[in-house]
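Novice: sharing a model that was predicted from the sequence below.
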Amino acid sequence: MKQYNFDDIPARKGTWCVKHDMTPEVFGTDDLLPMWVADMDFKTPDFIMEAIRKRCEHEVLGYTFAPDGYKMAVLNWFQKRYGIATKWNRMRFVPGIVQGIAFVLQTFTRPGDKVLITTPVYPPFINVPHRTGRVFVSSPLKTANSRFSFDFEDLERKAEGCKVMILSNPHNPGGTVWTKEELAKVADICLRKGVLVISDEIHADLTYPEFRHTSFTTVSEAAECNSITFFAPSKHQCAMSLTKESAKSFSVSLTTTNCLWATSSATTRRRRLSRTARSGCNSC
């Protein structure tokens, strides 16, 4: 097995790097540790860089499509890593997970509808409902033994009247890896209350060895039939900058494309989501 040197940290200042070069603009000083963006300073894996170099040697970056090998790689990864058995026609591509959440809200809710979110959480989860005219409903998480946990009594009470819940799984920024039992309770509450669950699982492959990520869609039938799950290899492969054109072209970002997997069993939901994703969104 190839060994990688994680002590080799490339200098990123002056490379239009968000976490370093935008710190003064955001915080008014650069005398800070740039921990405000989930972006590692390790090199992007060599096999990804080699694939990009090989593709660029063709010198034509025209319209392309996803080859069968790409599709099988994604499906096999889901099966091996998360125990998800799915089909390619149940997946849709989006230009980013935040944009994907906006697609879902615009497809399944209307301005003024309530969106349930457990807090604290990644700020765009809150920003997107606000910017699309939805009403943000907070259910605060509890803390015990340096770990976040759901307040299920509060969650059930707050879920009343909500249309959608945005779930961070694993939790960002707290790092909690939710258990199957916890997620099953969330699924049960949301199904009974008629709340569609959006599960953001972009950090699924960054769990420590003693923990195992549980995809929301696998915990119960209630979860599978009432959820839309987002995945992306960009975080754990250090390749965030390659995902912005993923809705248009797969050629360069064969191994680094953000994707949305619609787990809802309702065909009409998937079709509506697909149409919304193709039309784009200017809300965020």
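Specialist: Received, thanks.
Novice: residues near residue 87, how many?
Specialist: By the criterion of other Cβ atoms under 10 Å, residue 87 has 8 neighbours. C-beta: built from backbone N, CA, C; applies to glycine.
Novice: residues in contact with the closest residue to it other than its chain neighbours?
Specialist: The shortest distance from residue 87 to any non-neighbouring residue, by Cβ to Cβ, 6 or more residues apart in numbering, is to residue 75 (7.7 Å). Contacts for residue 75 (Cβ atoms under 8 Å, 6 or more residues apart in numbering) come out as 86-88.
Novice: residue 206: which of these is nearest?
Specialist: Residue 206 lies nearest to residue 86 out of the contacts of residue 75, by Cβ to Cβ, at 21.7 Å.
Novice: and what about that closest one, helix, strand or coil?
Specialist: Under DSSP: H, G, I helix; E, B strand; the rest coil, the three-state class of residue 86 is coil.
Novice: I figured it hits residue 78, correct?
Specialist: Yes: taking Cβ atoms under 8 Å as the definition, residue 86 is a contact partner of residue 78 at 6.2 Å.
Novice: can you pick out the residue with more neighbours from the two?
Specialist: Using other Cβ under 10 Å as the criterion, residue 86 and residue 78 rank with residue 78 on top: 21 against 17.
Novice: list the contacts for the more buried one?
Specialist: Neighbours of residue 78 in contact, by Cβ under 8 Å, 6+ apart: 84-86, 231, 261.
Novice: show me the strands in the chain, by range?
Specialist: Under the criterion DSSP state E, the chain contains strands at 91-93, 114-119, 135-140, 142-144, 147-149, 162-168, 196-200, 227-231, 259-262.
Novice: and the longest one, what other elements does it pack with?
Specialist: Spelled out, that is strand 162-168. Secondary-structure packing of strand 162-168 (3 or more Cβ pairs under 8 Å, 6 or more residues apart in numbering; DSSP states H and E): helix 97-108, strand 114-119, helix 124-131, helix 180-193, strand 196-200.
Novice: related to what we said a few turns ago, residue 4 is nearest to which of the strands of the chain?
Specialist: Short answer: strand 227-231, nearest of those by Cβ to Cβ, at 23.2 Å.
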